[in-house]
Each structure stands twice: as structure tokens, then as C-alpha cells.
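[1] Mind folding the following:
(one chain, ligands or ions: 2)
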Amino acid sequence: MVKIVYVGFGIVSQGLAEIILRNKSVLPLAKNLKIQTVGILDIMKGSKIDANGINMHDVLTNANNDDYSLLSENILDIPKAIQEIDADIIIEASFTDIKTGQPAISHIETALNSGKHVVTTNKGPFAVAHEHIINLAKLKGKMVAIEGTVMSGTPIINVLNNGLLGSDITAVSGIMNGTSNYILSKMELGMSYNDALSQAQKLGYAEADPTSDVEGLDTLAKVMILANVVFDVQLIQEDIEVKGISKITLSDVKEAAANNKRWKLTGSVWKDQEGMVHGLVCPKLISMNDSLYGISDATNALKITSSILGDTTIVGAGAGKIETGFALYNDIISIVNR
Ligand SMILES: NC(=O)C1=CN([C@@H]2O[C@H](COP(=O)(O)OP(=O)(O)OC[C@H]3O[C@@H](n4cnc5c(N)ncnc54)[C@H](OP(=O)(O)O)[C@@H]3O)[C@@H](O)[C@H]2O)C=CC1
Ligand SMILES: N[C@@H](CC=O)C(=O)O
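    Numbering: from 1, shown residues only. Ligands and ions are numbered 1, 2, ... in the order given. Sure thing, here's the model as predicted:
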């Protein structure tokens, strides 16, 4: 039995819960182990702890009607609850704060210090405190899995950490925010910026504060995570030029289309000839012959440049409930199978 606890029970956590229920709580490829949810800790929606297992079918059925009355415990000290609960894995899916990484950093530290593994989609901690958390996990002999922090359920962190080990990567660049790509794609069809943004919110792609998506901060967080994962370098936010898509108008999009081009919000991280690592976030006009041209809606695409393989491009889901829930699910299986 693998006992899990959700910290933050929003879209992504509910996506994971749905996948687990679909598979009748049995983990495939993991010796048919059962997953049992022993806690849900959400500061706004409410909490519930049950050492015998929470009935997730009922919780999710209610959540689909925006009813969280089953989460009837009012737990305000989330780190204390994480510390005290008897569980194997903490699912950290509270909101991303790219400036401080909090409160997620304290959730993760508490989980590791109290002997629990962590799987998370929260970008803040790994944009600003990657080395600290990985070192703490090593010290405690626990695992921290972060596949969903970049490109949701599309494997990229695992590819960088395993599949491309030793390939001498020099750059990673592309589209890494689903919301802004969705907005720009819909604007190409004539939809207004505001209508496209509210659709992206309804579909579960946007951050709790979507300013982060449209002003490029979410892409910045991913650029900083990639700098840590690929180059082992902690970039400073203030050193990275960041420009979002909020100033791109319908007429800009039409004009680009008339010239067979498309606007895309791009992020890049690369190592220069002196070995210095740089990051950049900005919208770019993409031509028809560029592989990013056909990447539409919430799909993302990242080109990894390495001296051994040249360019390796990964295309796939960049955001969404089930897509991101899957990243957590996959990380849980990896931990159980290790
Ligand atoms: N949605 C997506 O496609 C993706 C999301 N992510 C990341 O995954 C995480 C979760 O995203 P998502 O589910 O969409 O976001 P949601 O806003 O839907 O869910 C986050 C939940 O955490 C709750 N919460 C806020 N603060 C705390 C806290 N201190 N302790 C416990 N719970 C808290 C929120 O309450 P309330 O809303 O009531 O304030 C909300 O229920 C975010 O960090 C996001 O950046 C990563 C990849 C893709
Ligand atoms: N808000 C983000 C969610 C995934 O990281 C996005 O739109 O890409």
C-alpha cells in the first residue's frame, strides 16, 4: 500500500485523483501496489485526514459540482499536518510563487524532514531553490520528482536527466507555456484576447493568477528550472529579460498571418562559449518553415540542442488537468518502482 497526501486540491491534484480512480487505485507496473489517499490539505477548499483511506470517489464527485463539504477539517498549519501525518508520498500542488517559492518550499522541506517522498508540479521551489531541495532529499534518503513542472505530463525532465545524459546539451528553447500559446492560437481564429484567456482558465491551463502566464513569468520559472536541471546553474530572475504577450493585439496577429508568420511566446536557456548560462523569455514572430509554427493551443515544444545529437525536439501537452495529473502519477510509479 502506498499512502499519499494531497497538498493543494485544485485542478492538477484532482486530475491525479481521477487517474488513480480510473485505475481502481492499483498502480500499474509497480507490483500491483494499491494507492491509498490518507490526507487532503487545502488551505482554502478545506482538509480531511483519514488513516483508513479517504473515499476519493465521493470527494471527486462533489468537487465536480464545486462542493468541497467533505473536506470539513479546517487545518491552517499545513506544514505541521504534513509532518504529523503517516504517509509515504506528499503530492505538492499548491500555487506557484516564482519569487519566493513559498509556501511550497516549506511543504517540501517538512515532507522530506519527516521521511516522506515528494512529487510536485509546483514550479516556484525548483526555479529558486532547486539545489537546496535536491541536497536535502539526498541527505534524507528520499526522492523529489518534478516531471510536471515543465511541459506538464510530456516527458522532458526525465529525458534531460536520463535519456540525454552525457550528450553535452548547449541549449533548450521553445514554447513552454500552454495558456499563452492557446490565447495566440485562438486570436488567429479571430477570438478576442480576453475571451481566449477566460477559455484557457476554464480549461484548467492558466495559473491561479494568469498574469504569470501572459507576462512571461511562468515561462521564466521554467527557464530557471531548466537552467538548474540541465546546467546545474541557479539563474537570478533579475538577470533574465522577460517579455510577455499581453501587448500583442488582434491586428498584430492578423498582420503576422498575412506574412505567413505566427507570434509565439518563447523561452530559452543556453550556455555561451565561455560557459556562462543565459535565459530569455520573449514573443517571437515564427515563419512557416520553423518547427514551432505548427504548435497550437496548449501544446508545447522544446528543442534540446546537444553536441552529440544535434537537435532533439519534444512536442506534447503543456498544461491541463489530466495531462499534468499524469506527470504526478508517473512520478509516483517511478518512486514506487525505484
Ligand atoms: N494547471 C496546469 O496545467 C499546471 C499547473 N502546474 C502547477 O501545479 C500547481 C497546481 O496547479 P492547479 O491545480 O492548476 O492550481 P489550482 O489553483 O487549481 O490549485 C491549487 C490549490 O492549492 C490551494 N492552496 C493555495 N495555497 C495553499 C496552501 N498554502 N496550502 C494548501 N493549499 C493551498 C488552492 O486553494 P484556492 O484556489 O482556493 O486558493 C487550490 O485549491 C501550481 O503550482 C501550478 O503552477 C504545473 C503544470 C501545469
Ligand atoms: N499555466 C501553465 C501551466 C503549466 O505549467 C501553462 O499554461 O503552461
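[2] CA atoms of the helix or strand harbouring Thr266 as CSV?
    Assigned by DSSP states H and E, Thr266 belongs to strand 261-271. Extracted as CSV, the C-alpha positions of strand 261-271 are listed here (Å, rounded to 0.1, in the frame of the first residue of the first chain):
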residue,chain,number,x,y,z
LYS,A,261,4.0,34.1,-39.8
ARG,A,262,2.7,33.5,-36.2
TRP,A,263,3.5,35.0,-32.8
LYS,A,264,4.7,32.5,-30.2
LEU,A,265,5.9,33.1,-26.6
THR,A,266,9.3,31.5,-26.4
GLY,A,267,11.7,30.7,-23.6
SER,A,268,15.4,29.8,-24.0
VAL,A,269,18.3,28.8,-21.8
TRP,A,270,21.8,28.4,-23.3
LYS,A,271,25.4,28.1,-22.5
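[3] same for that strand, what does it pack against?
    strand 169-175, helix 178-188, helix 217-231, helix 250-258, strand 277-287 (3 or more Cβ pairs under 8 Å, 6 or more residues apart in numbering; DSSP states H and E). (Each C-beta comes from the backbone N, C-alpha and C, glycine too.)
[4] Now with 10 Å, please.
    Applying 3 or more Cβ pairs under 10 Å, 6 or more residues apart in numbering; DSSP states H and E, we find strand 261-271 packed against strand 169-175, helix 178-188, helix 217-231, helix 250-258, strand 277-287, strand 299-306.
[5] Wait, a helix at Leu16?
    Yes - counting by DSSP: H, G, I helix; E, B strand; the rest coil, Leu16 is located in a helix.
[6] give me the number of residues near it?
    28 (other Cβ atoms under 10 Å).
[7] Just list the residues touching the closest residue to it other than its chain neighbours, thanks.
    The spatially closest residue to Leu16, leaving aside those adjacent along the chain, is Gly325, at 3.9 Å (Cβ to Cβ, 6 or more residues apart in numbering). Residues in contact with Gly325, defined by Cβ atoms under 10 Å, 6 or more residues apart in numbering, are 11-20, 91, 93, 121, 148, 152-153, 204.
[8] What strand or helix carries Gly325?
    Counting by DSSP H and E, the element that carries Gly325 is helix 321-337.
[9] So Met119 versus ligand 2, what's the distance?
    One correction, residue 119 is Val, not Met. 15 Å (Cβ to the nearest ligand atom, to the nearest Å).
[10] Please apply the same query to Gly39.
    24 Å.
[11] Now do the one helix or strand that residue maps to: distance to the chain's middle.
    Using DSSP H and E, Gly39 maps to strand 35-42. Strand 35-42 sits 20 Å away from the centroid of its parent chain (Cα atoms, centre = their mean, to the nearest Å).
[12] avg pLDDT for that strand?
    What strand 35-42 shows for mean pLDDT is 98.
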